[in-house]
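# Sequence and predicted model, in that order:
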Amino acid sequence: MENLQPPENAQGNEGHVNPPQTNAEPSQDTHNNVTPRDTTPHTPRRKVKKTKDELKVATLNIRGGGSATTKDKWQHINQIVRDRRISAIAIQETHLNEAATDNLNAQFSGRLRIWNSPDPTNPNAGRGVAIVLNKDLVALWEKAVIQDVIPGRALLMSLPWQEDSIINILAIYAPNAAQENADFWTNLAEKWEAENLPVPDIMLGDFNLVEEAIDRLPAHRDSAQAVSKLANFKALHTLQDGWRHHHPTEQFFTFTQEATQLRSRIDRIYVSNPVYELSRNWSIDHTPIRTDHCLVSMEFANPGAPFIGKGRWSIPLYLIKNRKVIQLAEKLGTQLEQDLEGAAGDARTAERNPQTIFHSFKKDLTKKIRDFPESKPQKWKHESLA
């Protein structure tokens, strides 16, 4: 995959502080031969952030966030990203123009970086799709490359991850009308073929249609043409509905129509097979934001990250001086000495030798000690030797 260059408007060295300049000459005490103090300005060392081995991505339709009555939703987004440790979130119906986006980036510069694709005809009142990165969790956010595929509807991000891999994230806000929805997927496929765009690893957002009747209440199928066009685009990039794959028979909804209480799962996350194999915690959650949509999220690991297991068990410190534990260790240790003497010389066999005996001793001792905290943990903690 080609090397990506940072966007022209990327901010460099955020948080960098230039030391004050001084014209004062260093004083010299020649009488006492004192070495002059070095007054050369030193640039303070910045803390280097490291991208996590696991990324959490999410999507949420906020039903407007650009007016005086809805701009407070970005405060909630900032808190959600922080508290739920979301690395990247796709936002639909942003209703932001360029100036409003710049103001939000300035307001939340400590944590968020927002890229917004506004509606080309009415940015303040219609459409709008954005991708928001959590700078605390994504060290290489400045090197992200953004492509506005279909203004107000489709935004593509190529995000470098730990220097050795790139994650392509496609944020979607599909049209509501069935014919427009079908045409949208046709146009998107043509864009990919004509412009040779990067293959998306993740496609997420508000799709304004469902692929199966189980995802609506009351259950019914959506436009066959629109569903077919979406299926073709998915097949083109080998994408699958991760939540449905993880919950094949479960019925859960992300959108509730206030007037009729009709429900559907129109907000989804599609992923490639490699991403799905490394994913977990597929969830649908409510948020404090005033919207009729739920937050959909999932986590996935970097395929190049080392496997980290549960680690080795160790004796709890409060049991080291416990009288019963000491007596148990002495008893098993005495038996170990006798068994080792019995397996020496000609008595040694492949099944019974010092190595196998010591291995059995460790397993037996560990099992017995691990059983202690399960029965009377509080009592044992106070039965220590003086």
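Yep, that arrived.

# So, low pLDDT: which residues of this protein?
1-52, 163, 303-311, 373-386 (pLDDT under 70).

# give me that answer again for 80
1-53, 125-126, 162-164, 302-321, 371-386 (pLDDT under 80).

# Spatially central residue in it, please.
K56 (1.6 Å; CA atoms, centre = their mean).

# Which residue ranges of the stretch 51-200 of the chain form strands?
54-61, 88-92, 112-117, 129-134, 145-150, 154-161, 165-173 (DSSP state E, counting those that start in this stretch).

# any residues touching stretch 227-236, and which ones?
Outside stretch 227-236, the residues that touch it by CB atoms under 8 Å, 6 or more residues apart in numbering are 181-182, 184-186, 188-189, 192, 203, 207, 209, 211, 221, 239-240, 270. The way it works is simple: take the backbone N, C-alpha and C, and place the C-beta from them, glycine included.

# Going through those, which ones are buried?
N181, A182, F184, W185, L188, W192, M203, F207, L209, E211, L239, Y270 (16 or more other CB atoms under 10 Å).

# what's the burial count for P218?
By other CB atoms under 10 Å, 7 other residues sit near P218.

# what sits against it?
Contact partners of P218, counting by CB under 8 Å, 6+ apart, are L262.

# Phi and psi next, for it.
The phi/psi pair for P218 (degrees, to the nearest 10) reads phi -60, psi 150.

# What's the separation between it and V271?
29 Å (CB to CB, to the nearest Å).

# related to what we said a few turns ago, which residue, neighbours along the chain excluded, lies closest to the residue nearest to the centre of the chain?
E299 (4.5 Å; CB to CB, 6 or more residues apart in numbering).

# Tell me which strands the helix or strand containing that neighbour pairs with, and in which orientation.
Secondary structure from DSSP states H and E places E299 in strand 295-301. Each strand paired with strand 295-301, and its direction, by DSSP bridges: strand 54-61 (antiparallel), strand 279-285 (antiparallel).

# Export that strand to CSV, keeping only CA atoms.
C-alpha atoms of strand 295-301 as CSV (Å, rounded to 0.1, in the frame of the first residue of the first chain):
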residue,chain,number,x,y,z
LEU,A,295,-24.1,4.3,19.6
VAL,A,296,-22.7,1.2,17.8
SER,A,297,-19.2,0.2,18.6
MET,A,298,-16.6,-2.5,18.5
GLU,A,299,-12.9,-3.1,19.2
PHE,A,300,-10.2,-4.8,17.2
ALA,A,301,-6.5,-5.6,17.7
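
# What is the burial count for the spatially closest residue to S272 that is not a sequence neighbour?
Leaving aside its sequence neighbours, S272 sits nearest to D201 (CB to CB, 6+ apart; 5.0 Å). For D201, the count of nearby residues is 21 (other CB under 10 Å).

# hmm, back to that, export the buried ones among the contacts of stretch 227-236 as TSV, with columns for distance to I369.
Formatted as TSV, the buried ones among the contacts of stretch 227-236 follow (distance: CB to CB, whole Å):
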residue	distance to I369
N181	62
A182	65
F184	63
W185	61
L188	61
W192	60
M203	51
F207	54
L209	58
E211	53
L239	50
Y270	49
